[in-house]
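Enquirer: Here is a sequence together with a model predicted from it:
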Amino acid sequence: SLFSRVVFAGDFLVGAGIYDVTGPCAQVNFMGMAQPKQTGHGIHNRLRSRAFIFMEDVSDRTSENTVCFVSVDTGMGSDIITARVIDRLQELIPEEICTIENTSISGTHTHSGPAGFLQYILYQFTSLGWVEETASAFVEGIAQSIYRAYSNLQPASVYSNSGLLYGSNINRSPTSYLENPQEERDRYADQGDTDKEMLLLKLVADDGKELGMLNWFAVHGTSMNNTNVLISGDNKGYASYLAERYFNGPDVLAGKGDFVAAFASTNLGDVSPNTDGAKCTDTGLPCEPYTSTCHGNNMVCIASGPGKDMFESTEIIGKKQFDFALDLYKDATEKINGSISYRHSFIDMSNQEVTLGNGDTATTCDAALGYSFAAGTTDGPGSSTFQQGTTSGNPFWDWVKDFISEPTEEQIECQAPKPILLNTGDLTHPYLWDPVTVPISVFQIGKLFILNTPCEFTTMAGRRLREAVRNVLVDAGITDAMVTIAGLTNSYVHYVTTFEEYQAQRYEAASTLYGPHTLQAYIQNFERITRDLLRGESSVTNAAPSDLSDKQVSFLPPVILDRTELFQKFGGVRKQPKGQYSPGEEVKVSFNSANPRNNQRIEDTYLTIDRLGPDGKTWTTVFVDGDWNTKYVWELASESGVSYAHITWSIPEDQESGQYRVCHYGTRKLPFEEGEALLSYVVRLFSWNGASYAAASLFQLSSLFSFSSPDVATSSEYKEFMGCSKTFNIKNVDSASTSTSDWWAVSSFKASLW
């Protein structure tokens with residue numbers, strides 16, 4: 001055999017770590033829906049980075065026998081974020097353990113997190129350019145989660161299990177899926193037009209301690225729709241939250257436990273969580289299937305469900321994933337043994353020669369987006385001017401796109417039948433609009449092979465990629481391999497469809513940047529690096545993408561100052577709670593507040609729900625802003641800097657009776673620092689005039705390019721504050737007979753979670 005690498009029996013060192021990456025929760029556009037008005041106004045639940053290190057248990061601890069996998073609650077991976085994380089790890093970890101080649105940073109694809117962390121122009125329009133506040137939070141949080149995983153490395157076993165989860169996803173472009181050959185579709189009749197398999201790893205230390213779980217299941221992070229303005233990990237973030245609460249126990253605050261549960265993304269390109277399907281909002285009837293329109297209008301064709309609103313839908317789909325993962329976890333008994341290895345390659349996706357099934361050759365193209373890209377999807381419509389399934393242009397938009405960049409005849413032919421709307425591969429001003437060079441890698445953990453891709457593969461595209469790599473493994477004598485795709489990893493280059501789906505030019509096809517043969521290019525390159533891994537050979541690679549940090553621009557205004565209304569104080573309560581509540585009710589409290597961009601409160605909270613102890617003096621925090629049952633909403637009441645915090649707590653049905661309070665924590669920016677006295681005076685004097693705020697923003701334009709979340713402990717520009725509501729009672733008629741013993745805290749919680 002040509003394949004000389006031998007899989008051997010052996011044990012692993014495994015580490016798991018978690019860290020907060022929430023970033024700016026106010027005034028920054030959300031990444032995913034490309035809706036300029038969808039800017040943050042607070043937090044529903046915090047975003048987390050969850051890291052896992054797998055290492056062969058050998059005396060020589062190096063990156064050669066190690067892989068580092070991160071699932072992070074962001075829209076996608078980013079090449080500049082990945083590079084900065086690796087640089088930060090060199091400061092945190094004395095050994096070279098996680099490198100650019102053996103590290104996978106995979107976004108869960110939530111569409112409710114802050115934007116501005118991709119270094120290419122196309123992804124910066126709605127975020128007003130680069131947002132250093134976002135990027136810094138992501139880099140530090142991801143690096144710290146990896147560092148925690150490194151610090152927790154210990155001898156451990158890895159167990160696997162898999163199963164089919166139904167009722168948790170649908171295909172949002174089913175007519176495109178039908179373009180694939182009938183014979184091929186018949187082979188997946190048990191799953192249909194979306195992948196239903198969840199593949200799960202169970203991580204248990206040799207001393208019996210449960211370290212964590214890691215699983216892959218195909219579903220978009222779009223349960224929260226484009227009207228949402230609260231930071232959210234969406235359905236996968238909620239599933240992780242439930243699992244960590246379950247294993248760490250109810251007394252451990254969100255994000256603080258040792259057990260780490262990652263619900264990672266895979267080939268979710270055409271997979272929606274909105275299982276009630278796309279319907280016309282004006283009639284309730286199904287949309288026209290090929291163009292996803294109602295009476296020719298795509299803006300009223302919207303998918304939703306299964307809940308009555310987006311919060312309930314997120315909860316349902318997230319809990320389905322958690323429940324199924326828990327069952328798989330309990331029954332995971334197949335132990336993974338063997339070697340750990342990887343291969344990595346940077347590839348120029350604009351110029352890949354591919355061999356077709358009939359022996360002919362073709363090439364990929366310079367990046368371009370089609371008309372249907374602008375139409376959006378049924379999870380979130382784009383512009384009413386466009387429709388999905390468009391295979392020809394129109395004179396006006398052809399003129400507009402030619403004004404931006406006129407594609408050559410060769411490019412038009414290469415991308416056909418895609419009508420080019422944005423010829424991004426030819427645009428370099430003020431810097432690149434889309435990546436040219438992208439990273440791919442394959443990880444081996446025993447018989448598990450993880451294909452790390454920088455894009456969103458559709459269902460059938462992912463099946464073809466997995467099958468191609470599996471065939472390479474079978475040829476090498478590995479007949480029982482498990483192959484999964486880690487999506488949106490280390491960079492982002494939109495979608496990948498099959499050649500047949502590309503012909504239909506729905507949203508996913510119009511967003512397949514490098515033309516109709518993109519999938520085949522990825523298949524051939526993954527086959528190549530997998531063979532390299534099995535042979536023990538190095539993989540050919542292009543140079544890494546350029547670091548464009550010095551070219552980045554930002555037009556996001558800084559925080560000028562914070563103030564309260566006359567005779568009010570920061571943290572003062574504007575709206576007090578009632579005196580008594582019952583489980584199932586909502587507690588709502590409002591405070592005088594300040595801009596949360598002053599301090600992201602990473603690994604901290606903007607709110608606490610506290611319970612008074614039996615001594616009548618000691619308060620214990622029971623919930624924070626990372627919990628599902630709380631909402632922190634920030635309202636800018638005046639352009640002169642007056643703002644409020646509105647906190648909602650949905651009391652759980654099993655909440656213990658007792659006395660409670662709601663507290664708010666914030667950081668205000670002082671007005672008399674670094675020449676801001678005059679600016680503060682002008683803003684206060686002319687607070688009725690919105691133009692004064694704009695002028696003030698321009699006055700501080702220079703700070704746009706160096707602003708990051710301040711260290712309030714050392715900065716004299718900022719001052720912390722807090723405030724608490726009056727005490728209120730919760731009376732639970734069942735709580736009197738409920739024991740507060742350890743048995744109740746763990747067993748009852750696990751039995752009736754949510």
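Expert: That came through, no problem. Numbering: from 1, shown residues only.
Enquirer: now residue 497: how far from residue 596?
Expert: Counting by Cβ to Cβ, to the nearest Å, the gap from residue 497 to residue 596 is 39 Å. Every C-beta, even on glycine, is put in place using the N, C-alpha and C of the backbone.
Enquirer: The two: which has the busier surroundings?
Expert: residue 497 (33 against 26; other Cβ atoms under 10 Å).
Enquirer: For residue 402, which residues are in contact?
Expert: Residues in contact with residue 402 (Cβ atoms under 8 Å, 6 or more residues apart in numbering): none are found.
Enquirer: So it: helix, strand or coil?
Expert: helix (DSSP: H, G, I helix; E, B strand; the rest coil).
Enquirer: From what I see, residue 80 and residue 551 are in contact.
Expert: No. Using Cβ atoms under 8 Å, residue 80 is not in contact with residue 551, being 11.1 Å away.
Enquirer: From the neighbour counts alone, determine which of those two ranks first.
Expert: Neighbour count, other Cβ under 10 Å: between residue 80 and residue 551, residue 80 has more, with 21 against 13.
Enquirer: give me the number of residues near residue 429?
Expert: Neighbours around residue 429, by other Cβ under 10 Å: 8.
Enquirer: Check it and give its pLDDT.
Expert: Looking at residue 429, its pLDDT is 92.
Enquirer: helix or strand for it, which one?
Expert: Counting by DSSP states H and E, no helix or strand carries residue 429.
Enquirer: backbone phi and psi for residue 615, please?
Expert: phi -80, psi -10 (degrees, to the nearest 10).
Enquirer: Got the phi and psi for residue 71?
Expert: phi -110, psi 120.
Enquirer: Can you tell me how far it is from residue 270?
Expert: From residue 71 to residue 270 the distance is 21 Å (Cβ to Cβ).
Enquirer: who has more neighbours, those two?
Expert: residue 270 (32 against 29).
Enquirer: Without its sequence neighbours, what residue ends up closest to residue 314?
Expert: Sequence neighbours aside, residue 223 is the residue nearest to residue 314 in space, at 3.9 Å (criterion: Cβ to Cβ, 6 or more residues apart in numbering).
Enquirer: do the same with residue 505
Expert: residue 391 (4.9 Å).
Enquirer: Report how many residues lie close to the one you found.
Expert: Using other Cβ under 10 Å: residue 391 sits among 16 other residues.
Enquirer: Report the contact partners of it.
Expert: Applying Cβ under 8 Å, 6+ apart, the residues near residue 391 are 417-419, 505.
Enquirer: what do you get if the cut-off is 10 Å, keeping everything else the same?
Expert: Residue 391 makes contact with 370-372, 416-419, 503-505, 509-510, according to Cβ atoms under 10 Å, 6 or more residues apart in numbering.
Enquirer: Can you classify it by secondary structure?
Expert: Under three-state DSSP, the three-state class of residue 391 is coil.
Enquirer: what ranges do the strands span in the stretch 351-500 of the chain?
Expert: 353-355, 361-363, 369-370, 376-377, 380-381, 420-422, 437-445, 448-452, 456-457, 482-486, 495-496 (DSSP state E, counting those that start in this stretch).
Enquirer: what packs against the fourth one?
Expert: I take that to be strand 376-377. Judged by 3 or more Cβ pairs under 10 Å, 6 or more residues apart in numbering; DSSP states H and E, strand 376-377 is in contact with strand 301-304, helix 507-510.
Enquirer: How far away from the center of its chain is the first one?
Expert: Okay, so that is strand 301-304. Strand 301-304 sits 21 Å away from the centroid of its parent chain (Cα atoms, centre = their mean, to the nearest Å).
Enquirer: Give me the contact list for that strand.
Expert: Everything outside strand 301-304 that qualifies as a contact, by Cβ under 10 Å, 6+ apart, is 170, 172, 222-223, 225-226, 272-282, 286-289, 291-295, 310, 313, 375-381, 387-388.
Enquirer: still on that earlier bit, let me have the helices and strands packed on strand 376-377 in a markdown table, extended by distance to residue 44, mean pLDDT and mean neighbour count.
Expert: Shown next, in a markdown table, are the helices and strands packed on strand 376-377 (distance: least, Cβ to Cβ, whole Å; pLDDT from 0 to 100; neighbours: other Cβ atoms under 10 Å):
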| stretch | distance to residue 44 | mean pLDDT | mean neighbour count |
| --- | --- | --- | --- |
| strand 301-304 | 18 | 96 | 23 |
| helix 507-510 | 27 | 98 | 30 |
